[in-house]
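Trainee: Give me the fold of what follows.
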Amino acid sequence: MNLVDAHTQRLAGILGLAPVLPVVVLRDAAQAVQAARALVAGGIPAIEVTLRTAAALDAVRAIAAEVEGAVVGVGTVLDPRQLDQALRAGARFAVSPGATPNLIAAARQHALPWLPGAATASECMALREQGYSLIKFFPAEAAGGVDALKSFAGPLPQLGFCATGGIGAGNAAGYLALPNVRAVGGSWLTPAAALEAGDFARIEALARAAACSRRVTPPADAPPPAPCRQAPSAPRSTSAQGSAPPGPAPDSSAG
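Mentor: Now for the predicted structure:
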């Protein structure tokens, strides 16, 4: 088995942990541990911290060191240097919104499993030629959404997708119903307002709801899902804030 195949197996296991991969933007590393604990408590152990802020790598270090049960990775990886930085910070996977020749060449030899991004059939075919069979479909809604993924399934049956971009609680189920979708990604589990307010109870409640959004057709190589735990009538609070309101609208910027 070559390194890309080994990484694909590891990524399949990570995406199989829960139907939703939260795309988390942290502007203050001090929020990282409590936010990650809330996600894990809600049944969402795999966490993508985007490299869009100065606090991102410190947040990854803190989660990797302090949050039991979390599988932390990085998102918005744009160049090989960021793969090295993420690995040193303790990340266990990396995600990109697209793929460039330089990034593909580096990732094929890197210790960190990498989920490349694509939006078209040609981009998917190019990644398949390089050995990649798990791909981030981004930006999902803008690139054709559920209908595009249905169309990919015929000529590209070997590929599985993590659909991200414009996905939220209201439309995630349509993606998860597709046999070629391993998971969906989105930022609706960690709204900026909840992070800024320290409302980790809201994040946990959103995670619980997302963890119950089971795939209609789980991938054959996915591990057994964790038991779905519906939120109790009075959720245990992880902050001084009140109970969780409905989830936010989809975020098309989740790259």
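Trainee: Show me the helices in the stretch 101-250 of the chain, by range?
Mentor: Along the stretch 101-250 of the chain, the segments classed as helices by DSSP state H, counting those that start in this stretch run 101-107, 121-129, 145-153, 172-176, 192-197, 200-211.
Trainee: Kindly reformat the ones you listed as TSV containing distance to Val25 and mean neighbour count.
Mentor: (Glycine included, C-beta is placed from N, CA and C.) Listed next are the helices of the stretch 101-250 of the chain as TSV, based on distance: least, CB to CB, whole Å; neighbours: other CB atoms under 10 Å:
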stretch	distance to Val25	mean neighbour count
helix 101-107	21	16
helix 121-129	25	15
helix 145-153	23	16
helix 172-176	19	20
helix 192-197	7	16
helix 200-211	13	26
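Trainee: for those helices, which one sits closest to Gly186?
Mentor: For Gly186, the closest of the helices of the stretch 101-250 of the chain is helix 172-176, at 7.2 Å, according to CB to CB.
Trainee: which other residues reach the closest one?
Mentor: In this structure, residues lying in contact with helix 172-176 by CB atoms under 8 Å, 6 or more residues apart in numbering are 19-20, 140, 145-146, 149, 163, 167, 181, 183-184, 186, 210, 213-216.
Trainee: How far away from the center of its chain is that helix?
Mentor: Distance of helix 172-176 from its chain centroid, counting by CA atoms, centre = their mean, to the nearest Å, is 14 Å.
Trainee: what do you get for stretch 160-177?
Mentor: That offset, for stretch 160-177, works out to 11 Å (CA atoms, centre = their mean).
Trainee: Endpoints of that stretch, how far apart?
Mentor: Its start and end residues considered, stretch 160-177 measures 13 Å (CA to CA, to the nearest Å).
Trainee: in that stretch, what's buried?
Mentor: By neighbour count with 16 or more other CB atoms under 10 Å, stretch 160-177 contains the buried residues 160-169, 171-172, 174-176.
Trainee: Just name the closest of those to Ala205, please.
Mentor: Nearest to Ala205 among the buried residues of stretch 160-177, with distances taken as CB to CB, is Ala169, at 11.3 Å.
Trainee: Pretty sure that closest one sits against Trp188.
Mentor: Yes: contact criterion CB atoms under 8 Å: Ala169 and Trp188 qualify, at 6.0 Å.
Trainee: distance of the closest residue to Gly43 other than its chain neighbours from Thr190?
Mentor: Closest residue to Gly43 apart from its sequence neighbours, by CB to CB, 6 or more residues apart in numbering: Ala211 at 3.1 Å. According to CB to CB, to the nearest Å, Ala211 and Thr190 sit 14 Å apart.
Trainee: go on, Gly43?
Mentor: 14 Å.
Trainee: what about those two, which has more around it?
Mentor: It is Thr190, of Gly43 and Thr190, that has more neighbours when counted by other CB atoms under 10 Å, with 27 against 22.
Trainee: Identify the residue nearest that one in space, chain neighbours excluded?
Mentor: Spatial nearest neighbour of Thr190, chain neighbours left out: Val24 (4.8 Å); criterion: CB to CB, 6+ apart.
Trainee: Is there a neighbour count for that neighbour? I'd like the number.
Mentor: If we define neighbours as other CB under 10 Å, then Val24 has 25 of them.
Trainee: quick one: contacts for Arg27?
Mentor: So Arg27 contacts 53, 55, 195 (CB under 8 Å, 6+ apart).
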